[in-house]
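model the structure of this input:
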Amino acid sequence: PRRLGLRARITITFALGALALSVLLAGTTYLVARQTLIRQREASALRQTYVNARVMRDSLRSADPEVPQLLASLQTPAGSFPLVLFGDRWFPLTLEYGRDALPAELRQRVAAGSAARMRYSLRGDTVLAVGVPLVDMNASYFEIVSLAELQNTLRSIRLVLVGAAVGTTLL
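Here you go, the predicted structure:
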């Protein structure tokens, strides 16, 4: 077997170093972007859920609340599905996202009187569920927020960074 010359070995060494540096930079960038985007999406969902819970609490104080109409009137972001436990009855905005769409652990925490949130997989999509007890009203407000749009954004970022790492290495 013929040995590589000095020039070829130096070129390969630089190419491998460039690849390692590009992968390290792309990985770090992805992790930082991912954490930032997830944190922002969760903060936004929490703010909106607490606003909606306050609106629901105030509306449930009326003599004869129409819970389905109240749910439909809430300001919810796209991909967000509110539901309310009022007394012993569940009122979902859509039947697809009812009581069974919430993890039992989240329902138990909220029933115990503390607000809670949980990220989990629902029908193949990652969702964030937030629950807020409405203690005065014998009710609980929940919102299931789809994170599918965020997952698509992260997938795009990952593809761009992999392409950049490969392109940098080739250059």
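
looking at this structure, which helix or strand is least sure?
Ranking every helix and strand in the chain by mean pLDDT, DSSP states H and E puts helix 67-73 at the bottom, with a mean of 85.

may I see the buried residues of that one?
67, 70, 71 (16 or more other C-beta atoms under 10 Å). Every residue, glycine included, has its C-beta placed from N, CA and C.

out of those residues, flag the one nearest to residue 15.
residue 71 (58.5 Å; C-beta to C-beta).

from residue 138, how far out is that closest one?
17 Å (C-beta to C-beta, to the nearest Å).

can you redo the buried residues of helix 67-73 as JSON lines with distance to residue 107?
Listed next are those as JSON lines, based on distance: C-beta to C-beta, whole Å:
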{"residue": "67", "distance to residue 107": "17"}
{"residue": "70", "distance to residue 107": "20"}
{"residue": "71", "distance to residue 107": "17"}
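
can you name every helix or strand that the helix or strand where residue 28 lies contacts?
Using DSSP states H and E, residue 28 sits in helix 6-60. Other elements packing on helix 6-60 under the criterion 3 or more C-beta pairs under 8 Å, 6 or more residues apart in numbering; DSSP states H and E are helix 67-73, strand 80-86, strand 116-122, strand 125-134, strand 139-146, helix 148-170.

pull the distance from the last one to the chain's centre.
Helix 148-170 has its C-alpha centroid displaced from the chain centroid by 19 Å (C-alpha atoms, centre = their mean, to the nearest Å).

could you say what helices and strands that helix packs with?
Using 3+ C-beta pairs under 8 Å, 6+ apart, helix 148-170 sits against helix 6-60, strand 125-134.

need those in a markdown table (columns: distance to residue 142).
Conversion of the helices and strands packed on helix 148-170 to a markdown table gives the following (distance: least, C-beta to C-beta, whole Å):
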| stretch | distance to residue 142 |
| --- | --- |
| helix 6-60 | 8 |
| strand 125-134 | 5 |
